[in-house]
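> below are the sequence and a predicted model for it; my questions follow.
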Amino acid sequence: MVIDCESCAVRFSACGECVVGVLLGVPPGAPTVSLDAPERQALDVLAEQGLVPRLRLVATRPITPRHDAHGTDRDRDVG
C-alpha cells in the first residue's frame with residue numbers, strides 16, 4: 001500500500017490522529033509512505049493495543065498496492 005499524504009482529504013486537520021503523522025511528525029510537506037502487508041499488520045497490532053492511532057487517510061485518489069518485479073500484488077494478505 002502506498003500512502004500519499006498529498007491525496008488525503010483530511011491532510012493537516014487529522015495528521016495528529018493518524019499513525020503516519022504520529023510516527024513521522026505532522027508532515028510539513030506531503031510524504032509518501034509505502035507499507036507492505038507485514039508492516040500494515042504490525043501497525044494494526046500496535047493500534048489495537050492503543051500504542052499508536054490508526055491510519056486516518058481519506059484518499060481523494062485511489063490507493064494502489066505496490067507490485068513486485070513479477071507484477072504480483074505484494075500487499076495481498078496471506079493467511
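Yep, it's here. Numbering: from 1, shown residues only.

> make it CA atoms for all contacts and neighbour counts henceforth
Will do.

> end-to-end on stretch 33-42?
Using C-alpha to C-alpha, to the nearest Å, the end-to-end distance of stretch 33-42 comes out at 15 Å.

> got any ranges where this protein has weak pLDDT?
Applying pLDDT under 70 to the chain picks out residues 26-30, 61-79.

> now do the helices in it.
Using DSSP state H, the helices of the chain run over 19-24, 37-48.

> which one of those lies nearest to Val2?
Nearest of the helices of the chain to Val2, taken as C-alpha to C-alpha: helix 37-48 at 10.9 Å.

> contacts only, for Val58.
Contacts for Val58 (C-alpha atoms under 8 Å, 6 or more residues apart in numbering) come out as Ser7, Cys8, Ala9, Val10.

> any chance of the helices of the chain in CSV, with distance to Ile3 and mean neighbour count too?
Formatted as CSV, those follow (distance: least, C-alpha to C-alpha, whole Å; neighbours: other C-alpha atoms under 10 Å):
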stretch, distance to Ile3, mean neighbour count
helix 19-24, 9, 17
helix 37-48, 11, 14
